[in-house]
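Novice: pasting the sequence and the predicted coordinates here, then a few questions.
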Amino acid sequence: MLRVLAVEDEAPLLEELLYLLRADPRVTHAEGASDSTEALRRIGRAVDGGPDGEAALDVIFLDINMPGLTGLDVARLLAGFADPPLVVFVTAHDGFAVQAFDLKAVDYVLKPVHRERLAEAVRRAAEQVAIARAARDRGTDPAGPPPRATVAGTDDLDHIAVELGGVTRFVSIEDVLYAEAHGDYARLYTADEAHLVRIPLSALEEQWRSRGFVRVHRSHLVALRRIDELRLDRGSMSIRVGTAVLSVSRRHASELRELLMRQAKGG
């Protein structure tokens, strides 16, 4: 069961968020803060009292755009604590997703907040809190070893789970033209859309190699069957995939040539 703090500087939105959180049976206590200063005072009391103290907090549902310290600033401060509460970002802007997950956020919920989407964020948080509590009871490290990066559906299904507008969708891997590296994340490009997923490009390369994806550059993984043109210009190689023109690094050029020749021969 979760003890949560919702941080939102717009009063009507804070009231709505608290209403939804209190209606979830997994939330035993929910309170609000209208700015980052108030939130940090409340978090400080929780951390000082420890995970079993009366003021303890399990999860903070945190807006990003606030006067003074932003939600990202608050999360960075939390990272300095030994046993901080989990963070779920709740925001109207999707452009901070990479920074949010770099700060180990449990989830990233877009406004307007829908009951079903918030329930999913609560579920994810509840799972992590349960694991941490069990680890503390055993006297082991709650964090444990880092999980192996996986992509939903890459082992036995044909789709990958992505989030768009706060809704989880399943995009067919067959529709992915190429993937682009973004640190510990990858951006997947289809003919019409782009989706950011929380997995490094190297992990995608390993899992999608058998599906015909090939690394052409440190920044790009491409579906071989989707390559429309191979271009050579003064010793440099590039490919056209849909409307995108991507550079091919020298270390990958020979392998790509061979694979394209095999594909052309039907091998």
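Specialist: Now that the structure is in, tell me what you want to look at.
Novice: can you pull the pLDDT of residue 14?
Specialist: Residue 14 is assigned 97 on the pLDDT scale.
Novice: then residue 150?
Specialist: We have a pLDDT of 38 for residue 150.
Novice: now residue 168
Specialist: With respect to pLDDT, residue 168 has a value of 64.
Novice: next, count neighbours for the residue nearest to residue 56 when sequence neighbours are not counted.
Specialist: Once flanking residues are discounted, residue 56 sits nearest to residue 46: 5.3 Å by Cβ to Cβ, 6 or more residues apart in numbering. Any C-beta I mention is one placed from the backbone N, CA and C, and that applies to glycine too. For residue 46, the neighbour count with other Cβ atoms under 10 Å is 23.
Novice: where's residue 46, which helix or strand?
Specialist: Assigned by DSSP states H and E, residue 46 belongs to helix 36-49.
Novice: got it, and residue 76?
Specialist: Remark: residue 76 resides in helix 71-78, with elements defined by DSSP H and E.
Novice: off-centre distance for that helix?
Specialist: 17 Å (Cα atoms, centre = their mean, to the nearest Å).
Novice: swap in stretch 24-40?
Specialist: 23 Å.
Novice: next: stretch 204-221.
Specialist: Between the mean C-alpha location of stretch 204-221 and the chain-wide mean there is a distance of 20 Å, by Cα atoms, centre = their mean.
Novice: can you name the residues in contact with that stretch?
Specialist: For stretch 204-221, the surrounding residues in contact (Cβ atoms under 8 Å, 6 or more residues apart in numbering) are 150-151, 154-155, 173, 178-181, 186, 201, 222-225, 239, 246-249, 252, 255-256, 259.
Novice: so of these, which ones are in helices?
Specialist: With helices defined by DSSP state H, the entries of these inside them are 201, 252, 255-256, 259.
Novice: out of those, which are buried?
Specialist: Among the ones in helices among the contacts of stretch 204-221, those classed as buried by 16 or more other Cβ atoms under 10 Å are 201, 252, 256, 259.
Novice: now the helix or strand in which residue 28 is found: mean pLDDT?
Specialist: Per DSSP H and E: residue 28 is located in strand 27-33. For strand 27-33, the mean pLDDT works out to 97.
Novice: what angle sits between it and helix 36-49?
Specialist: Here strand 27-33 runs at an angle of 140 degrees relative to helix 36-49 (axes from the mean of the first three to the mean of the last three Cα atoms, to 10 degrees).
Novice: how distant is stretch 202-218 from the center of its chain?
Specialist: The answer for stretch 202-218 is 20 Å, by Cα atoms, centre = their mean.
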